[in-house]
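Novice: turn this into a model:
(one chain, ligands or ions: 2)
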Amino acid sequence: MPAIEIRDLVKSFNGLRAVDYLNLSIEGGQIFGLLGPNGAGKTTTIRMLTGLLKPDSGTIKVLSKENWTWKGLMGYIPEEANLYEHLTVYEHLYFVGKLRGVEDLDNRVDYLLEFMNLNDKSDEMVSTLSRGMKQKVAIACATVHEPKVLIGDEPLMGLDPKSQRAVRNLMKSYADKGGVALVSTHILDVAERFCDRVAIISRGSILAKGNLEDLKKKSRSGERATLEDVFLKLTEGERE
Ligand SMILES: Nc1ncnc2c1ncn2[C@@H]1O[C@H](COP(=O)(O)OP(=O)(O)OP(=O)(O)O)[C@@H](O)[C@H]1O
Ligand SMILES: [Mg+2]
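Specialist: Ligands and ions are numbered 1, 2, ... in the order given. Next up, the predicted model:
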């Protein structure tokens, strides 16, 4: 049974199909990349997965649950970090952990601060943090309750290489426990370094899915093709 199962998902805005009969199944135990150009429908799909946006039609199941009853099992890192500026970093993590009913919360918060390299910012107000640090707080908040499904909308934007590595390790630890991390990106290098498998989305539907080898075959790119070659070939084919 796939961890995430999306069937015939449709969402339009003012007559424009942002998501157009999108079908996607994602098995647990992996970091999965949703890859596509600007405006392809990544954020719209993710917002429907999280329950922030209602689909026009189609179905979504997460961990075999329907109707967003999976919400407590999911962690969500939005495109723009949306934080309470007037809390300290520690207070913020503690607050979200409390809402999520996390046990042994002091230890969990300490662990995440250490893991995300935020220890020395623990008592700083969120309002004083740099963009990258805010992103790290958002990631820590999304994972405080150890979600089975972690969804990140461009979660690495603004992060330095060390922080990117920390986030990858965090996602990998969920994947290794049978969970799934779904990350959207339009940065191919990120997908290549981070993801076990990817799906390429364009104009609201999935053009191809698989690991890099599968995609090379699908696009009939040569042995030495990069994900960029495959991506451009597939998305160009779409425009012809
Ligand atoms: N709230 C909205 N109202 C109107 N149109 C919208 C809305 N949200 C998204 N769209 C449109 O839907 C399409 C898909 O947008 P979406 O944000 O899902 O793309 P994306 O793949 O996340 O792009 P990016 O890489 O730029 O983040 C775009 O044409 C966008 O303009
Ligand atoms: Mg987006």
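Novice: for this structure, which residue occupies the most central location?
Specialist: Gly152 (2.2 Å; CA atoms, centre = their mean).
Novice: quickly find the element holding that one.
Specialist: For Gly152, the host element (DSSP states H and E) is strand 149-153.
Novice: quick one: mean pLDDT over the following helix or strand past that strand.
Specialist: Following strand 149-153 in sequence order, the next helix or strand is helix 161-176 (DSSP H and E). On average, the pLDDT along helix 161-176 is 90.
Novice: how about stretch 60-68?
Specialist: 91.
Novice: just the element for whatever residue of the chain ends up closest to ligand 2, please.
Specialist: Nearest residue of the chain to ligand 2: Thr43, at 3.2 Å (CB to the ion). The C-beta positions use only the backbone N, C-alpha and C, and glycine is treated the same way. For Thr43, the host element (DSSP H and E) is helix 42-50.
Novice: does that helix come close to ligand 1?
Specialist: Yes. For helix 42-50 and ligand 1, the contact criterion (CB under 6 Å from any ligand atom) is met by 42-44.
Novice: okay, whichever helix or strand comes after that helix in CSV with CA atoms only?
Specialist: Using DSSP H and E, the helix or strand that follows helix 42-50 towards the C-terminus is strand 57-62. What follows is strand 57-62 as a C-alpha-only set of coordinates in CSV (Å, rounded to 0.1, in the frame of the first residue of the first chain):
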residue,chain,number,x,y,z
SER,A,57,-12.1,16.7,-7.8
GLY,A,58,-10.0,13.6,-7.3
THR,A,59,-8.9,11.7,-4.2
ILE,A,60,-5.9,11.7,-1.9
LYS,A,61,-5.0,9.0,0.5
VAL,A,62,-2.1,9.2,3.0
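Novice: and strand 57-62, how far out from the chain middle?
Specialist: Distance, stretch centre to chain centre, for strand 57-62: 17 Å (CA atoms, centre = their mean, to the nearest Å).
Novice: tell me what the next helix or strand after that strand is packed against?
Specialist: Downstream of strand 57-62, the first helix or strand assigned by DSSP H and E is strand 74-77. Where contact means 3 or more CB pairs under 8 Å, 6 or more residues apart in numbering; DSSP states H and E, strand 74-77 is packed against helix 42-50, helix 131-143, strand 149-153.
Novice: please name the nearest non-neighbouring residue to Tyr94.
Specialist: Closest residue to Tyr94 apart from its sequence neighbours, by CB to CB, 6 or more residues apart in numbering: Val109 at 5.6 Å.
Novice: so Val190 touches Leu156, yeah?
Specialist: Yes. Assessed by CB atoms under 8 Å, Val190 is found in contact with Leu156 at 5.7 Å.
Novice: what residues do those two have in common as contacts?
Specialist: Counting by CB atoms under 8 Å, 6 or more residues apart in numbering, the shared contacts of Val190 and Leu156 are 164, 183.
Novice: residues from the protein in reach of ligand 2?
Specialist: 42-43 (CB under 5 Å from the ion).
Novice: quick one: low-confidence parts of the chain?
Specialist: In the predicted model of the chain, residues 237-240 satisfy pLDDT under 70.
Novice: how about the residues of this protein near ligand 1?
Specialist: 13, 16, 18, 36, 38-44, 186.
Novice: redo that, cut-off 5 Å
Specialist: Contacts of the chain with ligand 1, taken as CB under 5 Å from any ligand atom, map to 13, 18, 38-44, 186.
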